[in-house]
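Engineer: Here is my input; please provide its structure:
(one chain, ligands or ions: 1)
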Amino acid sequence: MENIRIRKMRHEDIPEVIKIEKDSFKYTYPPLLIMQILSSFPEGFLVAEDERSKKIVGYIMGIIEWGHGHIVSIATSREYRNRGIGSALLKELEDILFKKYNVGYIALEVRFNNREARRFYYKRGYRDKRLLPRYYEDGTDAILMVKKNPYIKVSNIPVVVSMW
Ligand SMILES: CC(C)(COP(=O)(O)OP(=O)(O)OC[C@H]1O[C@@H](n2cnc3c(N)ncnc32)[C@H](O)[C@@H]1OP(=O)(O)O)[C@@H](O)C(=O)NCCC(=O)NCCS
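Structural biologist: Purely as a prediction, here's the structure:
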């Protein structure tokens with residue numbers, strides 16, 4: 001991960017983040033929603049910046065809802081994938097949510113057929129919790145994946161499924 005810096009997202013990064021999002025996903029979040037997420041919990045919005053070109057090459061958006069963490073979106077620019085950027089973004093967000101905010105767990109939804117992302121999360125401690133049938137607007141199912149806070153030694157943390 002040479003020359004890549006993980007830092008907090010700024011409002012002026014939004015256009016570059018949206019470009020990466022559009023290139024990575026079939027359906028994207030409305031820019032207004034992204035701005036709302038950024039304003040409501042700025043600490044959970046991180047970007048990876050190439051220090052030489054100052055280009056944004058990856059991002060992660062996380063929020064806290066009902067007392068648990070939720071990963072809204074993560075993506076790395078195609079030409080920068082498989083260099084550890086996604087892992088670094090995820091680790092940084094986990095440190096904020098697990099250590100600073102002490103959330104019981106982090107949840108996320110991922111497309112059932114997004115094998116690459118499911119494996120990515122699985123390798124980083126996320127486990128399939130539940131199938132969410134027809135979760136996406138095109139009728140595709142999602143898998144709800146959950147990682148418990150490794151710093152809290154409680155066995156039964158109830159998992160709330162959010163449907164947005
Ligand atoms: C999922 C995603 C964010 C991963 O981002 P990434 O920056 O490629 O992630 P990493 O480089 O940290 O990890 C990817 C693989 O590269 C490998 N890798 C990490 N650092 C590496 C390095 N320095 N050299 C070579 N390979 C490396 C890792 O082994 C990893 O494979 P693994 O999951 O089998 O362990 C990216 O594939 C993506 O943007 N996908 C499209 C959007 C998406 O599906 N998002 C998730 C759904 S919400």
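
Engineer: use CA for all of it now, contacts and neighbours both
Structural biologist: Fine.

Engineer: Buried ones in the lowest-mean-pLDDT helix or strand in the chain, by neighbour count?
Structural biologist: Ranked by mean pLDDT, DSSP states H and E, the weakest helix or strand in the chain is helix 31-40, scoring a mean of 89. Buried positions in helix 31-40, judged by neighbour count with 16 or more other Cα atoms under 10 Å: 34, 37, 38.

Engineer: Check which element follows it along the chain.
Structural biologist: Per DSSP states H and E, the first helix or strand lying C-terminal to helix 31-40 is strand 45-50.

Engineer: residues touching the residue lying farthest from the centre of the chain, list them.
Structural biologist: In the chain, residue 52 marks the outermost C-alpha relative to the chain mean, sitting 24.8 Å out by Cα atoms, centre = their mean. Shown in contact with residue 52 (Cα atoms under 8 Å, 6 or more residues apart in numbering): residue 3.

Engineer: ok, now residue 105?
Structural biologist: 68, 69, 98, 146, 147, 148, 149, 157.

Engineer: circling back: is it possible to export the buried residues of helix 31-40 to TSV including distance to residue 84?
Structural biologist: Output for the buried residues of helix 31-40, formatted as TSV (distance: Cα to Cα, whole Å):
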residue	distance to residue 84
34	24
37	25
38	24
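
Engineer: Low-confidence ranges, this structure, go.
Structural biologist: Within the chain, the stretches with pLDDT under 70 are 154-164.

Engineer: how about the residues of it near the ligand?
Structural biologist: 24, 73-76, 81-87, 110, 117, 119-120 (Cα under 6 Å from any ligand atom).

Engineer: Just the buried ones among those residues, please.
Structural biologist: 73, 74, 75, 76, 85, 86, 110.

Engineer: Among those residues, give me the pair with the biggest separation.
Structural biologist: Maximum pairwise distance in these, criterion Cα to Cα, is 18.7 Å, between 85 and 110.

Engineer: can you give me the helices for this structure?
Structural biologist: 14-24, 31-40, 85-94, 115-123 (DSSP state H).

Engineer: Residues touching the last one, excluding its own?
Structural biologist: Residues lying outside helix 115-123 but in contact with it, judged by Cα under 8 Å, 6+ apart, are 110, 127.

Engineer: Can I get it in PDB, CA atoms only?
Structural biologist: Taking C-alpha atoms only, helix 115-123 is exported to PDB below (Å, rounded to 0.1, in the frame of the first residue of the first chain):
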ATOM      1  CA  ARG A 115     -18.800 -13.700  -4.700                       C
ATOM      2  CA  GLU A 116     -15.700 -11.500  -4.700                       C
ATOM      3  CA  ALA A 117     -17.100  -9.200  -2.000                       C
ATOM      4  CA  ARG A 118     -18.600 -12.000   0.100                       C
ATOM      5  CA  ARG A 119     -15.200 -13.800   0.100                       C
ATOM      6  CA  PHE A 120     -13.500 -10.500   0.900                       C
ATOM      7  CA  TYR A 121     -15.700 -10.000   4.000                       C
ATOM      8  CA  TYR A 122     -15.600 -13.600   5.000                       C
ATOM      9  CA  LYS A 123     -11.800 -13.600   5.200                       C
END
